[in-house]
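In: predicted model and sequence follow; I will ask about them next.
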Number of protein chains: 2
Amino acid sequence: MDSIQTRIERSNNMIKIPTIRRLPRYLRVLQSLSSSGREFVSSETLASLLNIKPIVVRKDLAFTGISGKPRVGYSITHLISLIEGTINFKGKNTAFLAGAGNLGSALLGYNGFARHGLDIIAAFDVDPQKTDTTIHGKSIYPLERMPEIASRLNPYIGILCVPEESAQQVADIMIASGIKGIWNFSNKELNVPPDVVLQNEDLGAGLAILSIAIEKSSRP
Amino acid sequence: MDSIQTRIERSNNMIKIPTIRRLPRYLRVLQSLSSSGREFVSSETLASLLNIKPIVVRKDLAFTGISGKPRVGYSITHLISLIEGTINFKGKNTAFLAGAGNLGSALLGYNGFARHGLDIIAAFDVDPQKTDTTIHGKSIYPLERMPEIASRLNPYIGILCVPEESAQQVADIMIASGIKGIWNFSNKELNVPPDVVLQNEDLGAGLAILSIAIEKSSRP
DNA sequence: AAAATATTGATATAAAAATATCGATATGAT
DNA sequence: ATCATATCGATATTTTTATATCAATATTTT
Ligand SMILES: NC(=O)c1ccc[n+]([C@@H]2O[C@H](COP(=O)([O-])OP(=O)(O)OC[C@H]3O[C@@H](n4cnc5c(N)ncnc54)[C@H](O)[C@@H]3O)[C@@H](O)[C@H]2O)c1
Ligand SMILES: NC(=O)c1ccc[n+]([C@@H]2O[C@H](COP(=O)([O-])OP(=O)(O)OC[C@H]3O[C@@H](n4cnc5c(N)ncnc54)[C@H](O)[C@@H]3O)[C@@H](O)[C@H]2O)c1
C-alpha cells in the first residue's frame, strides 16, 4: 500500500483527464495564433479563446513542462511542440480502422487527426464491394487479413466503426493482431484484457448533455 | 448570494455531468436486456456491463427518480422510460444539420440517435451539387434558406459539420434561426450568446486520452 | 413463521478538479 | 535607475465526483 505522501506526489505529478481533453483545443488555437505570426500568448488570452478560466490554462500548461515568462506569457512554438510531445505518443500513433461504412469513411477522409499524430495506415471491412478498393486514398482490406498485415505494419491503435453486433468480434481480432488500444465508435460495451486500453467515443453522451442543458436554460 | 444550505441542496439535487454522460450507456444496455426478455436488473449487473462500480450506478440512477427494490433491483422498462425522460427534452430534440460532407452525411445516415430522441428534420449545405438532393433520405437545402425553413419547423438543435473557416458564420445563422443549442463537430472554438447552449464534440480529445493511456500502459 | 441473504439507498469519507489568493519577477514607463 | 504593472506559478480553498460503509428491507430458504 502506498504511503499518503507517495499518493499525494503521484497525484500532483500525473496529468489529469480533463487536462488531456483540453490539450487538443490549446493546440488548435496555438497553431492558428502561430500562423498569424504571433510569438507569445498569455493564459488570459488562451482562456478567453477557449471560454475557460486563466487559472485552468496555467495549471494545464504546467503539465506539459512549459515555463512562462511573467508579463509576456508562453512561447507559442515551444508550447506547440510540448503539447504535441505530450499527446502524440512519440509520433507512433499508427492505426488500423475496421468498418469502412458511413462513419469509418468519414474518419478515413479526415486529415485533422494528422495534427494529433494519428496515421490511419490501413482499413478493413467484410463487404466485398468495399474490400480491395480505396476510400479517400486508404486501402480497404478484407477483415481476415488484419493479423497478417498487422504483423508487417505494427499498428498501435484500432479504430472500431463496425455495427454493434460485430464489434466484440472485430475487437478481439484487433487485440489478437497486437493492437495496444481501441478507439471504439460502436456503441457496444466491449470486453478487453487489462493490457489493452479502451477509449469509448459515445456521441450520445454529448447529445444528452446538450439536451439537458437546453432544457435547463429554457426553463429558468 | 445563496446561503450555504441552498447551495448544498442544489448541488445534491442537480444531475451531474458525468452522470449524464453515462445515461445513454445505461439506456443501451437496458434496451438490450429488455429485448432479451429480462424484467429486473441490479446495480451490480449494470456495473459489470459498463465496467464501472455498482455504487456509481446507484447514485446515477437515483437522479432519474427511480426506486429499486432490495434483493430484486430496478424495473428495466421503468428505468428505460425514466432515463429517456431525463435526456430526451420531452421528445423535442428536433435538429437542423449544416454541412452535408463526410461527417455530416454519416450523421444523417445514423439512426442510433433516434434512441436518444434526436430527429434531424433538415440539412443545409452551400455546395450546389448537394443542395436540393437528399442524403440518406434527408433533404439538403441551400444554407440561405435556413432562417425561412426554421421559422416553419422550429428546430431546437443545430448540428454543425462545416469546415472550420465557415463554422462561426454558420453558427450565427443557426442562432439567428432561433436554435437553442449547437452541437459543434467542427474543431472551431465558437462564440455564442449566453442563452444558446454550446456542446463541442472534440474527437481529438478522445484520441489524446487513448494515446497517453497507451503510452503509460506500455511503460510500467 | 423465522432466519438467511441480496440489494438498495442514506450517510460518511476520499480523491479529483476547479477556483481563489497572492508573492515573485520580467518588462515597459517614468 | 526606479517604479508601476502584467503575468506566472505556488499554495490554499472550494466544489465536484467517486468510493466506502452499513442499516433497512424485500425475497427466498428453512
Ligand atoms: N454513422 C454515425 O454517425 C455514427 C455515430 C455514432 C456511432 N456510430 C457507430 O459506428 C458504427 C458504424 O456506423 P455506420 O453508420 O458507419 O454504419 P455502416 O453500416 O455505414 O458501416 C458499417 C461498416 O462495417 C462493415 N462491417 C460489418 N461487419 C463487419 C465486420 N465484422 N468486420 C469489418 N467490417 C464490418 C460494413 O460492411 C460497413 O461497411 C456503428 O456501431 C454505429 O453505432 C455511427
Ligand atoms: N470527417 C471527420 O471524421 C471529422 C472528424 C472530426 C471533426 N470533423 C470536422 O467536421 C467538419 C466537417 O468535416 P468533413 O470531413 O465532413 O468535411 P467535408 O469537406 O467533407 O464536408 C464539409 C461540408 O460542408 C459544406 N460547407 C462548406 N461551407 C459551408 C457553409 N458555409 N454552409 C454550409 N455548408 C458548408 C461543404 O460543401 C461540405 O459538404 C470539419 O469542421 C471537421 O474539422 C470531421
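Out: On my side now, so go ahead. Ligands and ions are numbered 1, 2, ... in the order given.
In: name the next helix or strand downstream of the longest strand seen in chain A, please.
Out: Ordering each strand of chain A by length in residues (DSSP state E) puts strand A:118-125 first. Next helix or strand after strand A:118-125 toward the C-terminus (DSSP states H and E): strand A:134-135.
In: and that following strand, what does it pack against?
Out: With contacts taken as 3 or more C-beta pairs under 8 Å, 6 or more residues apart in numbering or on different chains; DSSP states H and E, strand A:134-135 sits against no other helix or strand. C-beta here means a position set from N, CA and C on the backbone, and glycine is covered the same way.
In: buried stuff in the helix or strand just after that strand?
Out: Scanning forward in sequence from strand A:134-135 by DSSP H and E, the next helix or strand is strand A:138-142. By 16 or more other C-beta atoms under 10 Å in any protein chain shown, the buried positions in strand A:138-142 come out as A:Lys138, A:Ile140, A:Tyr141.
In: cool, stretch A:178-186 as well?
Out: By neighbour count on 16+ other C-beta under 10 Å, the buried set for stretch A:178-186 is A:Ile179, A:Lys180, A:Gly181, A:Ile182, A:Trp183, A:Asn184, A:Phe185, A:Ser186.
In: check the offset of the strand or helix carrying A:Thr86 from the chain's centre.
Out: Using DSSP H and E, A:Thr86 maps to helix A:76-87. When C-alpha coordinates are averaged (C-alpha atoms, centre = their mean, to the nearest Å), helix A:76-87 and its chain have centres 15 Å apart.
In: which helix or strand lies directly C-terminal to that helix?
Out: Defined by DSSP H and E, the subsequent element after helix A:76-87 is strand A:93-98.
In: can the helix or strand just after that following strand be found next to ligand 2?
Out: Downstream of strand A:93-98, the first helix or strand assigned by DSSP H and E is helix A:102-108. Yes: judged by C-beta under 6 Å from any ligand atom, helix A:102-108 and ligand 2 are in contact via A:Ala106, A:Leu107.
In: find the closest residue to ligand 1 in chain A.
Out: Closest approach of chain A to ligand 1 (C-beta to the nearest ligand atom) occurs at A:Gly101, with a separation of 1.6 Å.
In: show me what contacts that residue?
Out: A:Gly101 makes contact with A:Asp125, A:Cys161, A:Val162, A:Pro163, according to C-beta atoms under 8 Å, 6 or more residues apart in numbering or on different chains.
In: what is the nearest of those residues to DNA strand C?
Out: A:Cys161 (27.3 Å; C-beta to the nearest atom of the strand).
In: now stretch A:67-79: buried residues?
Out: Those would be A:Gly68, A:Gly73, A:Tyr74, A:Ser75, A:Ile76, A:His78, A:Leu79, for stretch A:67-79 by 16+ other C-beta under 10 Å.
In: my guess is the fifth one contacts A:Ser42, does it?
Out: No: judged on C-beta atoms under 8 Å, A:Ile76 makes no contact with A:Ser42 at a distance of 10.9 Å.
In: so which residues of chain A form strands?
Out: A:40-41, A:74-75, A:93-98, A:118-125, A:134-135, A:138-142, A:157-160, A:181-184, A:197-200.
In: counting contacts, what elements does the last one pack onto?
Out: Here strand A:197-200 is seen to pack against strand A:181-184, helix B:203-217 when contacts are counted using 3+ C-beta pairs under 8 Å, 6+ apart.
In: alpha carbons of the longest one, as CSV, please.
Out: The one in question is helix B:203-217. This file holds the C-alpha atoms of helix B:203-217, laid out as CSV (Å, rounded to 0.1, in the frame of the first residue of the first chain):
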residue,chain,number,x,y,z
LEU,B,203,-12.8,13.7,-31.3
GLY,B,204,-9.2,14.8,-30.8
ALA,B,205,-9.8,14.7,-27.1
GLY,B,206,-10.6,11.0,-27.1
LEU,B,207,-7.6,10.3,-29.2
ALA,B,208,-5.3,12.2,-26.9
ILE,B,209,-6.6,10.3,-23.9
LEU,B,210,-6.1,7.0,-25.7
SER,B,211,-2.7,7.9,-26.8
ILE,B,212,-1.5,8.9,-23.4
ALA,B,213,-3.1,5.9,-21.8
ILE,B,214,-1.3,3.5,-24.2
GLU,B,215,2.0,5.2,-23.6
LYS,B,216,1.5,4.8,-19.8
SER,B,217,0.4,1.2,-20.0
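In: now it against strand A:118-125, angle please.
Out: 100 degrees (axes from the mean of the first three to the mean of the last three C-alpha atoms, to 10 degrees).
In: so in chain A, where's the weakest helix or strand by average pLDDT?
Out: Using mean pLDDT, DSSP states H and E, the weakest-scoring helix or strand in chain A turns out to be helix A:4-13, at a mean of 45.
In: what's near enough to touch the residue of chain A found nearest ligand 2?
Out: Nearest to ligand 2, among the residues of chain A, is A:Tyr110, at 3.4 Å (C-beta to the nearest ligand atom). With contact taken as C-beta under 8 Å, 6+ apart, A:Tyr110 is in contact with B:Asn102, B:Leu103.
In: what confidence value was assigned to it?
Out: We have a pLDDT of 97 for A:Tyr110.
In: show me which residues of chain A are close to DNA strand C?
Out: A:7, A:11, A:16-19, A:52-53, A:55-56, A:59, A:69-72 (C-beta under 7 Å from any atom of the strand).
In: hmm, try it at 6 Å
Out: Within chain A, the positions near DNA strand C by C-beta under 6 Å from any atom of the strand are A:Ser11, A:Lys16, A:Ile17, A:Pro18, A:Lys53, A:Ile55, A:Val56, A:Lys59, A:Lys69, A:Pro70, A:Arg71, A:Val72.
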